[in-house]
Every structure is written in structure tokens, then in C-alpha cells.
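Asks: Coordinates for the following, if possible.
(2 chains)
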Amino acid sequence: MIQLLKTEYKKFRYNSTVSLLFVLFVLLLPTVILSGKSILKNPSPPLPSNTIFYEFPTVWEYQGYVGNWLVFFILGFMVLHMFTSEVSFRTMRQNIITGYTKKEYFTAKLIVIVCLALLATGIYTISCQVIGMIHTPGFDFELMFDNNWASVRFFIMSMGYMSFAFLVANFLRRGGLSMFLYFAFALILEPIVKGIMLYFLKNEAMNYLPLNTIEDNMCFPLFRTSSDFIKSEVDLEWVHDMNVAMGLSVVYTLIFLWLAWVRFKKSDV
Amino acid sequence: MSVLRINGLTKHYGPITALDKLSLNIEEGNIYGLLGPNGSGKTTTLGIILGILAQSSGHFEWFGGKYGDKYRMRIGAILETPNFYPYLNAKKNLQIVQDIKNSHDDDLDFLLENVNLAHRKKSKFRAYSLGMKQRLAIAATLIGEPDVVIFDEPTNGLDPEGIAEVRNILKRVASTGKTVIMASHLLDEVEKICSHVAIIKNGRLLATGPVGSILSNDVTVEVGASDMPRLTELFSGIDWIHTIKKENNIIEFQMPEDHTAQEINTIAHNSGIILNHLVCRKRKLEEEFLEITNN
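Replies: Below is the predicted model of the structure:
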């Protein structure tokens, strides 16, 4: 396992796209939320003030929401690139010819996804703690960890997005097409389906769509309290309960990975 | 000992049959040439036995099944084009091959020296010429001291200098006693290097065996004279002469090796024909190949 990871590191250590995306993620995660200091000096109600973004415990949710988008766009793109570039360079095929079994090749990519998710979660956790410590008045050590399993949710969310990207890359294999489908599914197709389901069913079934479920691990924090202040024509919850989101995301992730493996195992390389 | 046993291998791409019940047996130490026109199924065969294509039916077994599904660890192979990470240099690319092969004792500098790439070992793969890429691929096949090396058209697309360089490297590899499987269009080279050949067309095996058994014992003869119609008529009437072809100012035919040039000259002389061209040569693999594939 360690050897597979080392080899993947050697493959992508000097890949400029991967390096650029990783640096972008590390820089943007804390800076996006800190930029709120100057951009959102006087936020509109129901936000009391912009300090809610930086103080414990809410920093975990707001920073998590920023991370949600960054993981989806940047790390999802990175996984697509890491898989499809190996197809276009024909190095995937060569790796198998050289000696990897299909299982080893697949496992190597899976380990990279798990490590990326762990790394992203680590960066998220550290950035939340540093931002929270600096901005929370009357700092209490216990506050640092009062986060409703935020790090675990962030990890599950990261695994979910990246596994979906891996599945799409595995099925389509072509860089441009995979990226189009990945973004189009999440940003166009699923929202349309969600809208149709809401219009016709008028219940929470729409929340069970896969990427919506994964997003609900780190959704926009005000969505969780939306029913308190939004007069909706339909009486329903807009987001999953955290535990439901976590459990369902794990199930979706396993389904994505299983489908990716079945496709990879059966197809020619 | 049998290194590779292929039995009834078939591959369909939709309605097209790329490989049709191919069976082969390659023994340890064979230098095996896989010959066939473009689209004959050579690369498909290599793709299947290297585990990157799934066969429709039939089976194959490497090393008597000794290494299970890890048999590729004992094989070094190039299939079609050299495939490396374009943003990595030669040495870093070879290190990845080492990792996959789990072989860390190779002297990469020596390997690169061996394929004349030592001076460019720090250049990125994308900056290499096609000849350099092919040479790097050959170096990669030798990592981990494989028992078998497979080359698929190793000189495709190279200029004459590149072909000569790769040819010399292949000869060196072939002389080390490894089992070599080579798909190639360079029939002259195959004839010189290979101990065995298999000729494939439209996915079917047309002929296989030691090079000597594929080459017929016939001799090719070229003759020319000022009176070509009479010359043609003369040799057409001799029963041990066959496959007569007329080309410009000479005629070419086949005769058994127990007949000699002197005999041909005497026959012409006795008929009052003075030959101005007479060449006798052994049949080349290329001629056998063309005859087998055209039939």
C-alpha cells in the first residue's frame, strides 16, 4: 500500500496541473472565508455580523461550506485529471503491461483519493482551528473541538465528491468529456432533477439525490435553520440531518467506487 | 520449457474478428518473430497476452502458470508506442518502472548508457525525438532482468539512423539469451535475429516454426538476355522451374536448390541464347512472407 502511494507520488509530484490545483486549494480554503472580512463588513439579516464566519463554533460550518465548493471544483478536477491524463498518455496501459495487476492500479488510485481526502480534511481542520482561535473572544479550549463531527463530515464529503469524479473518469476516460459531465451533472442536471422532483412530489425525496446528499455534509449553514425564518409554500426540510447525510454519503461513495471497479475490471486498457 | 502457450485465442471487435483461434507455443530462449501485414492481429495478440485486452475466447498461460497473475513482472514489453510521463525525465520515468516491477537493483545509468541516452537522462520525455523515445522504451523493458522481452514494431516511424540504432540494440538484447518476442515489418532483421517465426493474416495463423523450416529450399534465379521472348519460352518449358515472373528486362523464377547457375547457363547456351544477367540467391523471408500471405 505504501509502495503504491509512493509510486503515485512520483508520478504526479512534477505534474504542473496537480501541483497548481493543490496549491490553489491550500491557499483558497482559508483566504476565501477571510476575504469576508472586507467584502461582507455588514451582512444582511439573518446574519448578525460577519464574525460568525470566523468564531467557534460556527467557523467549522462556514469554512466547511467554502471547502465544499473547493473540494468539488479543485480536488474533483484533480482526480479527473489524474485518471484521464494517464489514459491519454497511455501510461495506465503501460503500468499494467509493466507489471501492475488491474487491482493494484485501481487500489493505487483509491489510496490517492483517500490521502487527498485526509489531506484536505487536515488542512480544513487546522485552518478552522487557527481562524477560530484568533477570532473567538474569551477563547475556551473545549470550543476548539465543539464542531458536530465537522472534520469527519468534511472527510466523508471529500471522499464522496472525489469518488464521483473517479467514477465519471473511469466511465468516459477522456479528459474534456469527463470534466464536462462531472460539472454538468452536479451544477445543471441534478439541480434540474431536484427542481422537477420538488415541483411534482413536494417532499424531501429530492434531498436524496447523490451529490445533493454529499453536499449536505457541509451545506450552507443557514439552510439548516431555513425553516425557522423562510415562509415556504411547502413544509419540508431543505437539507438532510447531519447523520443521515453522513450515512448516505458513505453508501453513495461505496456505490461509486464499486461501479468504478466493475467498469475498470471489465474494460480493455 | 514452454514460456508461453496460447490456445485457440479469439478476439472479436463487434462484427470484426481480429484474432481467430490462434495457437502458439514459445519455448524458453526462442527469438520469436511475429509477422503479418498491418491489421493482421499482431498487436491484438500481444495486447491479450499482456493482459490489457480481454480475449473473446481461448486462453494463454505464461511460464506454466508459475507466477499467477503477476507474470508481467517477469516480462519487459513495448506495445505500439513508447508510453511515459511526458513531464518527467528519463531517469524518473525509469524509476517508476522500477517501482512497478519492484526491482531496485538496476543500474539505470548503465541502462541509459546502453541505449545511448545517458547524455539526455535529465531531459523531459516530451523533449525526446521518436528514436530516443523508442530507445528509452527498450531500456525500460530491461528493468528487473525480465525472462521475456516483447517488442511491437520497435522501429516504426524511425528514420534510417534511428532504425540502425534500434536494430543494434535489439541484436544486443537478443544475444543475451532472453526469450524475445518481436512483431515487426523488418523482415530482413527478423530473418537475421529470430530463431522462430509465426506468420499471421486476418487474425489467422498461416505458418509457424523455426525460420529455416519456413524458408523453402528453393533458389530464386534472375536471368536476362537480348531475346526475352525466347528466353521466357525456354525456361517455361522446364518442369523443375516454377513461379516464373517477368520484370523489365529480366525474368525471375524458382528452382530446387540441387540445380545450379551453371546448369541454367548451359541450357541457355545450348539453345543459342547468350545470357547478359544471371543471379542465383536463397529465398528471403520477405519472399516467403509475401507468398504465404498472398495465398
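Asks: Please make it C-alpha for all contacts and neighbour counts, starting now.
Replies: OK.
Asks: residue ranges of the helices in the stretch 51-200 of chain A, please?
Replies: Assigned by DSSP state H, counting those that start in this stretch, the helices in the stretch 51-200 of chain A fall at A:58-70, A:76-88, A:91-98, A:102-135, A:150-172, A:175-184, A:190-201.
Asks: And these: which comes nearest residue A:30?
Replies: With Cα to Cα as the measure, helix A:102-135 is the member of the helices of the stretch 51-200 of chain A nearest residue A:30 (6.1 Å).
Asks: other SSEs contacting the closest one?
Replies: helix A:2-12, helix A:16-39, helix A:58-70, helix A:91-98, helix A:150-172, helix A:242-266 (3 or more Cα pairs under 8 Å, 6 or more residues apart in numbering or on different chains; DSSP states H and E).
Asks: Tell me who's in contact with the residue in the stretch 101-250 of chain B positioned nearest to chain A.
Replies: Of all residues in the stretch 101-250 of chain B, residue B:101 sits closest to chain A, at 5.9 Å by Cα to the nearest Cα. If a contact means Cα atoms under 8 Å, 6 or more residues apart in numbering or on different chains, then residue B:101 has A:98, A:99, A:100, B:73, B:143, B:144 as its contacts.
Asks: give me phi/psi at it?
Replies: Phi and psi for residue B:101, reported as degrees, to the nearest 10, are phi -80, psi -10.
Asks: follow-up on the earlier one: burial-wise, tell me which of the helices and strands packed on helix A:102-135 comes out on top.
Replies: helix A:150-172 (a mean of 25; mean count of other Cα atoms under 10 Å in any protein chain shown).
Asks: so who does residue A:51 touch?
Replies: Counting by Cα under 8 Å, 6+ apart, residue A:51 makes contact with residue A:135.
Asks: which of the helices of the stretch 51-200 of chain A has the lowest average pLDDT?
Replies: Among the helices of the stretch 51-200 of chain A, helix A:190-201 has the lowest mean pLDDT, at a mean of 90.
Asks: just for chain B, where's the confidence low?
Replies: Within chain B, the ranges that satisfy pLDDT under 70 run B:295.
Asks: And the strands in it?
Replies: Using DSSP state E, the strands of chain B run over B:2-13, B:16-27, B:31-35, B:57-62, B:75-78, B:148-152, B:179-183, B:196-201, B:204-210, B:218-225, B:242-247, B:250-256, B:275-282.
Asks: Tell me which residue in the stretch 51-200 of chain A sits closest to chain B.
Replies: Nearest residue of the stretch 51-200 of chain A to chain B: residue A:99, at 4.7 Å (Cα to the nearest Cα).
Asks: Quick check, that residue in contact with residue B:99.
Replies: No. At 9.7 Å, residue A:99 and residue B:99 do not qualify as touching, with contact defined as Cα atoms under 8 Å.
Asks: got the CA coordinates for stretch A:160-177 in PDB?
Replies: The C-alpha coordinates for stretch A:160-177 follow below in PDB (Å, rounded to 0.1, in the frame of the first residue of the first chain):
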ATOM      1  CA  GLY A 160     -17.900  11.400  -2.000                       C
ATOM      2  CA  TYR A 161     -17.000  14.100  -4.500                       C
ATOM      3  CA  MET A 162     -13.700  12.500  -5.500                       C
ATOM      4  CA  SER A 163     -15.200   9.100  -5.800                       C
ATOM      5  CA  PHE A 164     -17.900  10.500  -8.100                       C
ATOM      6  CA  ALA A 165     -15.100  12.200 -10.100                       C
ATOM      7  CA  PHE A 166     -13.300   8.900 -10.200                       C
ATOM      8  CA  LEU A 167     -16.400   7.000 -11.400                       C
ATOM      9  CA  VAL A 168     -17.000   9.600 -14.200                       C
ATOM     10  CA  ALA A 169     -13.300   9.500 -15.300                       C
ATOM     11  CA  ASN A 170     -13.500   5.700 -15.300                       C
ATOM     12  CA  PHE A 171     -16.500   5.500 -17.500                       C
ATOM     13  CA  LEU A 172     -15.600   8.200 -20.000                       C
ATOM     14  CA  ARG A 173     -11.800   8.100 -19.900                       C
ATOM     15  CA  ARG A 174     -11.500  11.300 -21.900                       C
ATOM     16  CA  GLY A 175     -10.400  14.400 -20.100                       C
ATOM     17  CA  GLY A 176     -12.700  17.000 -21.600                       C
ATOM     18  CA  LEU A 177     -15.700  14.900 -21.700                       C
END
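Asks: quick check, it touching chain B?
Replies: No. Using Cα under 8 Å from any Cα of the partner chain, stretch A:160-177 never reaches chain B; the gap is at least 15.2 Å.
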